[in-house]
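Colleague: Sequence first, then the predicted structure, then my questions.
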Amino acid sequence: MAPIPRTILVIGSLNIDLTTRTRRLPNPGETIAAQTFSTAPGGKGANQAVACCRLARASSDAPLDNILVKMVGAVGDDEFGGRLKDALRQNRIDVEGVVVKGGVSSGVAVIIVDEDTAENRILYTAGANEALTAQDFPENFFSSFTPLPSFLVLQLETPLQTVLHLLTLASNAGVETVLNPAPARHIPLQFYSKIDHLILNESEAAYLTGEEVTFLDDDDGVKLTIDRFLERGVKRSVVITMGARGCYFKSPDRQEGWIRPEVRAQDVVDTTGAGDAFVGAFAVARVEGNDVGQSLNFATRAASIKVQNMGAQAGIPWRGEVQ
């Protein structure tokens, strides 16, 4: 008998990304000519689902036997909604849980990419993502899965109360979770103990601890910040990602350390979606039975390749490119 595939459940946002590449940002009141403009499916939830699916398969035509990826979220009843679901289907993601919310637009992210640095700035309109409420997830939500999901991936582009409700349900059901608190919003202290893995960047870590971002410029600041999250009750690991510096992690069992990326600055072309590739790769590695350090090594390699490719979803590598 063939083994039952393990399931990664991603609950979160689906957006259309409107991306402009420019040599510099305009000053207030100034109009300048940009270099290019494109539209593409995105959203942190959808990006992370695509990352899970791609990083579980050697290539686009490889079978998807061992890990299934299910996406739960909301789109509007507009021209973007169908396109967003189709993009996930093309990556062989189960979209049965993506609902259409009437009377609202799909989520939209306006992304400005600086061509000189490859850094991005994003303006986000939640649209239907904001209509994904706790009422969409009854108390028996996880018991409807046979078997239970092996891993739950969450972000904060949907209502905070919905995410907190899902963390509670997952904790009660014994489902392993990762929370990527982006965009950063304050999380009530009592909910940290319901998070298995907390993955956040340095600006999000600074926001949630009330520190200046510069506090994380040295190793002592990074370690003290991670300790604060562990003291709040995060169960298995806290990971702070810091771009070219790599990431630092620590677990309650005292595993900790830096993991450095293998990418040269001159090879970076687009950082959009790099964090989502990181989270998706981490989820895949954990479901495959790897420990936290091994999972973060895989995640770092995946993100390092992503930043060398264009597109939040299109630039996410396949597993064969990472190994």
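Modeller: Now that the structure is in, tell me what you want to look at.
Colleague: how near is the closest residue to Ser251 other than its chain neighbours to Ile199?
Modeller: Nearest residue to Ser251 in three dimensions, chain neighbours excluded: Ser237, at 4.7 Å (Cβ to Cβ, 6 or more residues apart in numbering). Bear in mind the C-beta positions are built from the backbone N, C-alpha and C, glycine included. Distance from Ser237 to Ile199, counting by Cβ to Cβ, to the nearest Å: 8 Å.
Colleague: If we go by neighbour counts, what in stretch 262-275 is buried?
Modeller: Buried residues in stretch 262-275, counted by 16 or more other Cβ atoms under 10 Å: Val263, Val268, Asp270, Thr271, Thr272, Gly273, Ala274, Gly275.
Colleague: out of the residues you listed, which are inside helices?
Modeller: Ala274, Gly275 (DSSP state H).
Colleague: Count the neighbours of the residue nearest to Ser251 for me.
Modeller: Neighbours of Ser237 under the rule other Cβ atoms under 10 Å: 28.
Colleague: now Leu230
Modeller: Neighbour count for Leu230, taken as other Cβ under 10 Å: 18.
Colleague: do Val10 as well
Modeller: Number of residues near Val10 (other Cβ under 10 Å) recorded here: 32.
Colleague: what's the helix or strand for it?
Modeller: Counting by DSSP states H and E, the element that carries Val10 is strand 6-11.
Colleague: And Glu157, what's its pLDDT?
Modeller: We have a pLDDT of 94 for Glu157.
Colleague: Pro3 now?
Modeller: Here, the pLDDT recorded for Pro3 equals 64.
Colleague: same check, this time on Ala265
Modeller: Model confidence at Ala265, given as pLDDT, is 69.
Colleague: What are the boundaries of the strands in this structure?
Modeller: For the chain, the strands defined by DSSP state E occupy 6-11, 15-22, 36-42, 67-76, 94-101, 107-114, 120-125, 151-155, 176-180, 197-201, 237-241, 247-250, 256-259.
Colleague: Can you list the helices and strands that the longest one packs against?
Modeller: Read that as strand 67-76. With contacts defined as 3 or more Cβ pairs under 8 Å, 6 or more residues apart in numbering; DSSP states H and E, strand 67-76 has these neighbours: strand 6-11, helix 44-55, helix 79-90, strand 94-101.
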